[in-house]
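Colleague: Next come a sequence and a model predicted from it.
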Amino acid sequence: MNQLDVLHHEFRAGDGSFLLTLRTEYHWDRVAFTRLEQAMRSVAAEYADRDQIDRWLADGYHYASTFVPAHTQHPDFPRPNPHTYYEACIRRLGDLATWFFSGLPVYQEPHTWEPL
């Protein structure tokens, strides 16, 4: 499965996707988040020089970068990982959305993406 297919599955909240698990089970699946984040990063790089994007991609990047922070800010949302982990993940989603929509990387190259 290529990264665009992975992203389609994630954005459509397919079985086992990060967004579905987060929304329905109130569980932050670190493996699923990594899969989503890496697919978002790959597609943002691939689409950086395009003048037009598919609506499902725009909707997905917008949703991931707005829903995840709003949903996880609730005081009852379980956070077994350090607070700094969630902050870094939410910042990463915002940075990836900015990159995707603007076509310009948020970080100056050469940049090493730290694992989350």
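Modeller: Right, received. Where do you want to start?
Colleague: Could you say which helix or strand holds residue 28?
Modeller: Using DSSP states H and E, residue 28 sits within no helix or strand.
Colleague: show me what contacts the closest residue to it other than its chain neighbours?
Modeller: Spatial nearest neighbour of residue 28, excluding adjacent residues (CB to CB, 6 or more residues apart in numbering): residue 22 at 6.3 Å. All C-beta atoms are positioned from the backbone trio N, CA, C, and that covers glycine. Taking CB atoms under 8 Å, 6 or more residues apart in numbering as the contact definition, residue 22 lies against 28-29, 68, 71-72.
Colleague: Recalculate using a threshold of 7 Å.
Modeller: Residues near residue 22 by CB atoms under 7 Å, 6 or more residues apart in numbering: 28, 68, 71.
Colleague: Likewise for residue 49?
Modeller: Residue 49 touches residue 103, counting by CB under 7 Å, 6+ apart.
Colleague: That one and residue 27, how far apart?
Modeller: 37 Å (CB to CB, to the nearest Å).
Colleague: backbone phi and psi for residue 115, please?
Modeller: phi -70, psi 140 (degrees, to the nearest 10).
Colleague: Skip the chain neighbours and tell me the closest residue to it.
Modeller: According to CB to CB, 6+ apart, the nearest residue to residue 115 is residue 34 (7.5 Å).
Colleague: Check residue 27 too.
Modeller: Residue 27 sits nearest to residue 21 (CB to CB, 6+ apart), 5.3 Å away.
Colleague: Relative to residue 53, how far out is the one you found?
Modeller: Going from residue 21 to residue 53 by CB to CB gives 26 Å.
Colleague: Looking at those two, which one has more neighbours?
Modeller: Comparing residue 21 with residue 53 by other CB atoms under 10 Å, the one with more neighbours is residue 21, at 17 against 14.
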